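Asks: this one's structure only:
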């Protein structure tokens, strides 16, 4: 009876462990996006953290992808989140709409700027891209370090086929339980 309880408990634990874990990762197209909460992080630190996680700051290259961000990733979020774009060549702060680049080198052809952005507000060299809830998550140019505004960043990684580890563990546990049952039956 004790052995039966142990086997039952083992099977129950294996079944519970086989359930998929909840994650803050969202899929769209060939990419996965993870919204990372990190209040006040600078764009440079967010970029380094995204790369350390095996990805890059997210790039938005189409209206469909942008809509996905607004309705899924940023749904019920507040404040601003870093995205993977930066500006070069605007040292005089006179051309805030020129020379934007994605961290991946993808073509800069789609934009969703807030109507008042980009603007280099306050004569600050705002050379990094955020999506900001004040503007319905339309884009905003920001300086490198805006702790009052930024609540985190979005990491983009390439989708990979899932490894069926939980299912394999469950099958292994069930097989072991069956073997123990056969061993017990033939031992008598």
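Replies: Sure, I can see it. Quantities reported herein were computed from a predicted structural model and do not represent experimental measurements.

Asks: pLDDT weak spots in this structure?
Replies: Within the chain, the ranges that satisfy pLDDT under 70 run 1-23, 145, 160-170, 172, 176, 179-188.

Asks: all helices in it, in order from the N-terminus.
Replies: In the chain, the helices defined using DSSP state H lie at 2-18, 43-52, 63-68, 165-187.

Asks: Could you name the helices and strands sitting against the second one?
Replies: Applying 3 or more Cβ pairs under 8 Å, 6 or more residues apart in numbering; DSSP states H and E, we find helix 43-52 packed against strand 31-37, strand 56-57, strand 80-87, strand 150-158. Just so you know, the C-beta spots here come from the backbone N, C-alpha and C atoms, and that holds for glycine as well.

Asks: Out of the ones you listed, which is the most enclosed?
Replies: Among the helices and strands packed on helix 43-52, strand 80-87 has the highest mean neighbour count (mean count of other Cβ atoms under 10 Å), at a mean of 24.

Asks: Sheet-wise, list the partners of it with their directions.
Replies: Using DSSP bridges, the strands paired with strand 80-87 are strand 100-102 (antiparallel), strand 128-132 (antiparallel), strand 150-158 (parallel).

Asks: what's the spacing between the residue nearest to residue 39 when sequence neighbours are not counted and residue 85?
Replies: Spatially, and ignoring its direct neighbours in sequence, residue 39 is nearest to residue 151 (5.4 Å; Cβ to Cβ, 6 or more residues apart in numbering). In this view, residue 151 and residue 85 are 18 Å apart by Cβ to Cβ, to the nearest Å.

Asks: who are the neighbours in contact with the residue positioned nearest the centre of the chain?
Replies: With distances taken as Cα atoms, centre = their mean, the residue of the chain nearest its centroid is residue 34 (1.1 Å). When contacts are counted by Cβ atoms under 8 Å, 6 or more residues apart in numbering, residue 34 touches 23-26, 53, 55, 154-155, 157.

Asks: between those residues, which is closest to residue 173?
Replies: Closest to residue 173 out of these is residue 23 (23.3 Å), distances taken as Cβ to Cβ.

Asks: I am finished for the moment; much appreciated.
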